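Enquirer: Sequence first, then the predicted structure, then my questions.
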Amino acid sequence: RAIVVSASSDIGTALAARWLSSGWSVAGTYCTESPAVIELGRKGVSMVHCDIGAPASVKKACSELRKTVGAWDVLVSCPGDLQPVGPFESCGFAEWETSLRINFTGQLHLVREMLPSRSKNWDLGPCVLFFAGGGTNSAILNYSAYTVSKIALIKMCELLDAEIPDTRFAIIGPGWVKTKIHKATLAAGPDAAGENFERARSTLAGGNHVPMNRVLDSCDWVISQPREVVGGRNFSTEHDAWGAEDLVRALRTSPDMYKLRRYGNAWSPCRKEEGSHE
């Protein structure tokens, strides 16, 4: 039994449809009704309204999901909003805080409400799967709210994995997928979006991007792996050799692999030799 938070998003819609066709019982949430929402409902996905940025809406949706789904095996959280796009100094701070609720705290609110309903029947244990974004390894300009929220989700996966050992928490960076999230970049324009404007325009026009099926395959791989392999880790759909036995062996023996760590801890200043006066 799976719950897809923001099943109305492109990745969420594709995941819900795939798992439903595989015989899963699937429930999903949506914020705005769309043809995708209507089609998922027609196919048998139990759709529940949820504005992830509004606490009252989250609580109401979770109450409905508990009645509809019962004990869940997989909970995947797909919400994402790039806005506000632009330098931190010029963004409206209220909009900046709203982005944090959509991309971070609202998702955790829903997960916290739903954790008591997790299944105890799957040998691997239930799995909570989030989605990361760019900026983990560099400072991406003009998307500070989105970037900080996604990095916080990466760290939260590790914290939840340490605190709740009967559940697997993982996060996937899907890379540049051809989805409607990039329309926010186009709407912001080249001055606000900077170098990402041309990349988003190219991606949406059919340029170089990560195929949706590859994203779905990476999700299926993560939820099929035991906690010692995926728990608390941040995976990349585009760059990681998920599915390879060599990677599984490396993950089993490297507890810090694919987790947020400070770079440069091994560095130290050169020590003067004893008796040296330099």
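Expert: Perfect, I can see it now.
Enquirer: all helices for the protein, in order.
Expert: 10-21, 35-43, 55-69, 93-100, 106-114, 144-163, 183-193, 196-204, 212-223, 227-230, 245-253 (DSSP state H).
Enquirer: Indicate which one of these is closest to W176.
Expert: Judged by Cβ to Cβ, the one of the helices of the chain that comes nearest to W176 is helix 196-204, at 5.4 Å. The way it works is simple: take the backbone N, C-alpha and C, and place the C-beta from them, glycine included.
Enquirer: could you give the angle of the closest one to helix 183-193?
Expert: 150 degrees (axes from the mean of the first three to the mean of the last three Cα atoms, to 10 degrees).
Enquirer: any chance of the helices of the chain in a markdown table, with distance to P126, mean pLDDT and mean neighbour count too?
Expert: Formatted as a markdown table, these follow (distance: least, Cβ to Cβ, whole Å; pLDDT from 0 to 100; neighbours: other Cβ atoms under 10 Å):
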| stretch | distance to P126 | mean pLDDT | mean neighbour count |
| --- | --- | --- | --- |
| helix 10-21 | 15 | 95 | 21 |
| helix 35-43 | 22 | 92 | 15 |
| helix 55-69 | 12 | 97 | 17 |
| helix 93-100 | 26 | 96 | 15 |
| helix 106-114 | 10 | 98 | 20 |
| helix 144-163 | 12 | 96 | 19 |
| helix 183-193 | 32 | 92 | 16 |
| helix 196-204 | 34 | 87 | 18 |
| helix 212-223 | 10 | 97 | 19 |
| helix 227-230 | 10 | 97 | 19 |
| helix 245-253 | 20 | 96 | 13 |
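Enquirer: ok, how many other residues are close to S6?
Expert: As a burial measure, S6 scores 25 neighbours (other Cβ atoms under 10 Å).
Enquirer: got a pLDDT number for it?
Expert: With respect to pLDDT, S6 scores 95.
Enquirer: didn't it look like it was pressed against G53?
Expert: No - between S6 and G53 there is no contact under Cβ atoms under 8 Å: 11.4 Å.
Enquirer: Any idea what the residue nearest to the spatial centre of the chain is bridged to?
Expert: The structure's the chain has its C-alpha centroid closest to F131; by Cα atoms, centre = their mean the separation is 1.1 Å. When bridges are called by DSSP bridges, F131 pairs up with I172.
Enquirer: circling back: so for W267, which of the helices of the chain sits nearest?
Expert: So among these, helix 144-163 is nearest, using Cβ to Cβ, at 22.7 Å.
Enquirer: Quick one: residues in contact with that closest one.
Expert: For helix 144-163, the external contacting residues (Cβ atoms under 8 Å, 6 or more residues apart in numbering) are 80-84, 88, 91, 95-97, 99-100, 102-104, 107-108, 128, 130-136, 140, 167-171, 227, 231-234, 259-260.
Enquirer: In contact with E33, which residues?
Expert: Contacts of E33 (Cβ under 8 Å, 6+ apart): none.
Enquirer: The helices of the chain: which one's closest to A2?
Expert: So among the helices of the chain, helix 10-21 is nearest, using Cβ to Cβ, at 5.2 Å.
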